[in-house]
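Colleague: here is a sequence with its predicted model. Questions after.
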Amino acid sequence: MRHLLSTRGLARDEAIALLDIAEDMAAVQHREVKKLPTLRGKTVVNLFFEDSTRTRISFEAAAKRLSADVINFSAKGSSVSKGESLKDTAQTLQAMGADGVVIRHPASGAPYTLATSGWIDAGVVNAGDGTHEHPTQALLDAFTMRSRLHGAASRGKGLDGVRVVIVGDILHSRVARSNVWLLSTLGAEVTLVAPPTLVPVDTAGWPASVAFDLDEALATKPDVVMMLRIQAERMHGSFFPNSREYARTWGLDDARFSQLPTTTMVMHPGPMNRGLEISALAADSAQSTVREQVANGVSVRMAALYLLLSGERGELR
Amino acid sequence: MTESFLITGATLPSGERADIRIADGRIIEVGRIADAAGATIVDADGLIALPGLVDLHTHLREPGYEQSETVLTGTRAAAAGGFTAVFAMANTSPVADTAGVVEQVASLGTAAGYATVQPIGAVTVGLKGEQLAELGAMARSRAGVRVFSDDGFCVFDPLLMRRALEYVKAFDGVVAQHAQEPRLTQGAQMNEGALSGELGLAGWPAVAEESIIARDVLLAEHVGSRLHVCHVSTAGSVEVIRWAKARGIDVTAEVTPHHLLLTEELVASYDPRYKVNPPLRRAEDVEALRAALADGTIDIVATDHAPHPIEAKQSEWDAAANGMVGLESALSVVHASVVENGLLGWSDVARVLSSTPARIGRLAGQGQGIVAGAAPEVTLYDPSAASEFALDRLAGRSINSPYLGRALPGRVVATFHAGYATLLDGVVQPADEVARRAAALVGGARG
């Protein structure tokens, strides 16, 4: 794997292979010494043009546990905020000898541009671009579902027949896009639920169905309910009248949560707006996978960096 | 004694073969010409002779954005593309919203000598859409402005648009509208549809263009004014304009070469060369635009030549500038998109790229055709020369062409403007020589 830019182009066997490596990485996390020497001497740059402490420290932990040197490059307070272009930043990193670049950028396609421009030789991992994709989030979500469903017997398995309902701001969500492609590739059935204003105008080509009524969607007793974060700025863009109406209509409140089978996983990519898209009861329940998602994020990102940056797929120890 | 040319064996737009003699500031003879004493012979065997092309929509960038283009470099690009006249859009810095700026642009064009440069005046002061610019002063200036446009921005305020449409009637002017509903296109990055949703790029919905065109044709009808619609890009817009024309509304419309050939799928590469406003649309829109050009619903092809420096296109998609250079490639793209498939013949090309744009813009001395007595504006095009469009075809200052590396038919071989050659054997003629010939004409006229 040269770059990890999207889940759109990820084949089923590639995705499963990555998840299986993540299982190996997860096993390392339970050892006393959590560090592998795999990427010793390699340099990974976390290039973040948007604030995202969670994703950045997850990648940082992943790279460090593989013994890579990590440089954090935040656009805030750097020359980027003084007008330096993506090209110049990339060439600077190239000159410093970056082997891998983990990029978070507010513009959709920026990681693709970085990877295809010829400005830099490094492997590029998309850590979230605009409203396009966030592939490692989808991979960690799939990993989490697989672990809950199959436990130690997860290796080699897809998510065939798993029914997933994704609820919230689909229009602006890179998490939703990456999940739609990846989960369907892995065999899951995806239903998107949102106010009509927060669904792209034409999703006929998406491997997912779209619904507007959350109660109907939950009545089908899905295996997974994934709640997306509602950004504050959506409340001022006339996407819905106000947060109370949103919470009443599309929030996973206590009443809706209590109707779900106890086997239904409740997922959220974080950070959560408790009381808006998800109630505290749901978020803190045994069905919630929120903390597992964070832990699994490190394993999945280790797997991604390993696939991109290690010379060959050696034996893991 | 001015230079004279005998163009031999050219194929006229009608399909007839003829010799063309240019002398004394006119086309003096078209037919079989034996006597060519003193004339420079140009062998046009196998070449199509078109009346000099006229572009109603060019961004020359001067004054203010000389790093992208100047009047001189932009008209070199025009000559390379077979254009003998360009209408220079008003979004310069300062904006062309006063007589002083339009006269400056016109005089720079005259001095350069590569093409007639007819300035377009801004509709509103500073293109801000708040207050009418001095339209009358620009019309009465030495630049003789007849086309007014805030291109780049839509004249969105309906009352201001109404007033502009009414006011320019006083001097037979026309408002050329950039039809883009600003609220519906906030932050817009590409055509809104299935692909924008997938790529996560903010959508530019077709309705944002169509609703403004619908409003404007009704306004034009109400006040009995002439309206021109810039760069029509959607099938729905074609339907609105077709309806308006059937109703007798005095509306004309243009389509760009790129909207006749390219589709939104190119955006999936996130390559900013394909970023343009209005955006590239769906294949269905391209088909509708081609059909509309063929049936006359769309009157003309105009390039929307929009040069940008390299750094404005070497970036992530959102940060990149909108626009493509188009003068040098226009004729080949028209050839590829509507001539090769038989929708248009070469006489139609002469109409949509020469006579009608000159008429819409009320530009004298252009678009008169290839007949004895007409102005000496002639373009020779080799339709059989197919090649990969490469950097050597670009003659302006900027290289933001979406066609680089793409196979395109045909090639402009020669351009004659005001009786002298601005392009010969596919080579743009030297600036000093062209300027000298232009100055000689001005001197002679004053004589």
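Modeller: Happy to help now that I have it. Residues are numbered from 1 along each chain as shown, chains lettered A, B, ... in the order given.
Colleague: with adjacent residues omitted, what lies nearest to the most centrally placed residue in chain A?
Modeller: For chain A, A:Gln137 is the residue whose C-alpha lies nearest the centre (Cα atoms, centre = their mean; 1.1 Å). Distances taken as Cβ to Cβ, 6 or more residues apart in numbering or on different chains place A:Val175 nearest to A:Gln137, at 5.1 Å, with adjacent residues excluded. Yep, even glycine has a C-beta here, placed from its N, CA and C like the rest.
Colleague: secondary structure element for that neighbour?
Modeller: In the assignment (DSSP states H and E), A:Val175 maps to helix A:174-185.
Colleague: any idea how far chain B is from A:Ala232?
Modeller: Distance, A:Ala232 to chain B, using Cβ to the nearest Cβ, to the nearest Å: 17 Å.
Colleague: tell me which element B:Ala49 falls in.
Modeller: Going by DSSP H and E, B:Ala49 is in strand B:48-51.
Colleague: tell me which other helices or strands the following helix or strand past that strand touches.
Modeller: Counting by DSSP H and E, the element after strand B:48-51 in chain order, helix or strand, is strand B:53-58. Under the contact criterion of 3 or more Cβ pairs under 8 Å, 6 or more residues apart in numbering or on different chains; DSSP states H and E, strand B:53-58 touches helix B:71-80, strand B:83-88, helix B:330-334, helix B:356-360.
Colleague: for the longest one, name the packing helices and strands.
Modeller: Contact analysis of helix B:71-80 by 3+ Cβ pairs under 8 Å, 6+ apart lists strand B:53-58, strand B:83-88, helix B:99-112, strand B:411-417, strand B:420-424, strand B:427-428 as its packing neighbours.
Colleague: who in chain B is up against chain A?
Modeller: Taking Cβ under 8 Å from any Cβ of the partner chain as the criterion, chain B approaches chain A at residues B:189, B:192-194, B:196-203, B:205, B:269-270, B:311, B:314-319.
Colleague: what's the local residue count around the nearest residue to A:Leu36 once chain neighbours are set aside?
Modeller: Nearest non-adjacent residue to A:Leu36, counting by Cβ to Cβ, 6+ apart: A:Leu66, 5.5 Å away. The local packing of A:Leu66 (other Cβ atoms under 10 Å in any protein chain shown) involves 25 other residues.
Colleague: please work out the average pLDDT along the helix or strand hosting A:Val45.
Modeller: Counting by DSSP H and E, the element that carries A:Val45 is strand A:43-48. Strand A:43-48 carries an average pLDDT of 96.
Colleague: B:Ala374 belongs to a strand?
Modeller: No: counting by DSSP: H, G, I helix; E, B strand; the rest coil, B:Ala374 falls outside a strand, being coil.
Colleague: quick one: contacts for B:Asp208?
Modeller: Wrong residue type there; residue B:208 is Ala, not Asp. For B:Ala208, the contacting residues are B:Gln180, B:Glu181, B:Leu184, B:Thr185, B:Ala188, by Cβ atoms under 8 Å, 6 or more residues apart in numbering or on different chains.
Colleague: now do the fourth one: how many residues are near it, please.
Modeller: What that stands for is B:Thr185. Per other Cβ under 10 Å, the neighbour tally for B:Thr185 reads 21.
Colleague: how near is it to chain A?
Modeller: Taken as Cβ to the nearest Cβ, the span from B:Thr185 to chain A is 14 Å.
Colleague: and if you look at the second one?
Modeller: From B:Glu181 across to chain A, the span is 15 Å (Cβ to the nearest Cβ).
Colleague: surely that residue touches B:Phe156?
Modeller: Yes: contact between B:Glu181 and B:Phe156 holds when scored by Cβ atoms under 8 Å: they sit 7.2 Å apart.
Colleague: show me what the helix or strand of chain B with the lowest mean pLDDT is packed against.
Modeller: Lowest by mean pLDDT, DSSP states H and E among the helices and strands of chain B is helix B:431-446, with a mean of 84. Counting contacts by 3+ Cβ pairs under 8 Å, 6+ apart, helix B:431-446 packs against helix B:99-112, strand B:420-424.
Colleague: out of the ones you listed, which is the most enclosed?
Modeller: strand B:420-424 (a mean of 24; mean count of other Cβ atoms under 10 Å in any protein chain shown).
Colleague: any stretches of chain B with poor pLDDT?
Modeller: Applying pLDDT under 70 to chain B flags the ranges B:1, B:443-447.
Colleague: name the helices or strands packed onto the helix holding A:Val175?
Modeller: Using 3+ Cβ pairs under 8 Å, 6+ apart: helix A:174-185 touches helix A:12-28, helix A:135-150, strand A:163-167, strand A:189-193.
Colleague: can you tell me which residue is spatially central in chain B?
Modeller: B:Asp55 (2.7 Å).
Colleague: can you tell me how far that residue is from A:Leu47?
Modeller: 43 Å (Cβ to Cβ, to the nearest Å).
Colleague: so what's the closest residue to chain A within the stretch 1-150 of chain B up against?
Modeller: Proximity of the stretch 1-150 of chain B to chain A (Cβ to the nearest Cβ) peaks at B:Gln67, 15.5 Å away. Applying Cβ under 8 Å, 6+ apart, we find B:Gln67 in contact with B:Pro309, B:Arg397.
Colleague: please, a ChimeraX command that selects the buried ones among the residues of chain B next to chain A?
Modeller: In ChimeraX syntax, the buried subset of these is picked out as below (16 or more other Cβ atoms under 10 Å in any protein chain shown):
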select /B:189,192,193,194,196,197,198,199,200,201,202,203,205,270,314,315,316,317,318,319
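Colleague: count of neighbours near B:Asp295?
Modeller: 11.
Colleague: again with B:Ala90
Modeller: For B:Ala90, the neighbour count with other Cβ under 10 Å is 30.
Colleague: verify the stated contact: it with B:Val125.
Modeller: No: the pair B:Ala90 and B:Val125 fails to qualify as a contact (Cβ under 8 Å) at a distance of 11.1 Å.
Colleague: what do these two both touch?
Modeller: Joint contacts of B:Ala90 and B:Val125 (Cβ under 8 Å, 6+ apart) are B:Asp97.
Colleague: distance check, B:Val428 against chain A.
Modeller: B:Val428 sits 31 Å away from chain A, taking Cβ to the nearest Cβ as the criterion.
Colleague: what's around that residue, how many residues?
Modeller: Neighbours of B:Val428 (other Cβ under 10 Å): 20.
Colleague: bridge partners for it, pull those for me.
Modeller: Assessed by DSSP bridges, B:Val428 has beta-bridge partners B:Leu423.
Colleague: how about the contacts made by it?
Modeller: Applying Cβ under 8 Å, 6+ apart, the residues near B:Val428 are B:Arg76, B:Ala79, B:Ala80, B:Tyr114, B:Ala395, B:Thr422.
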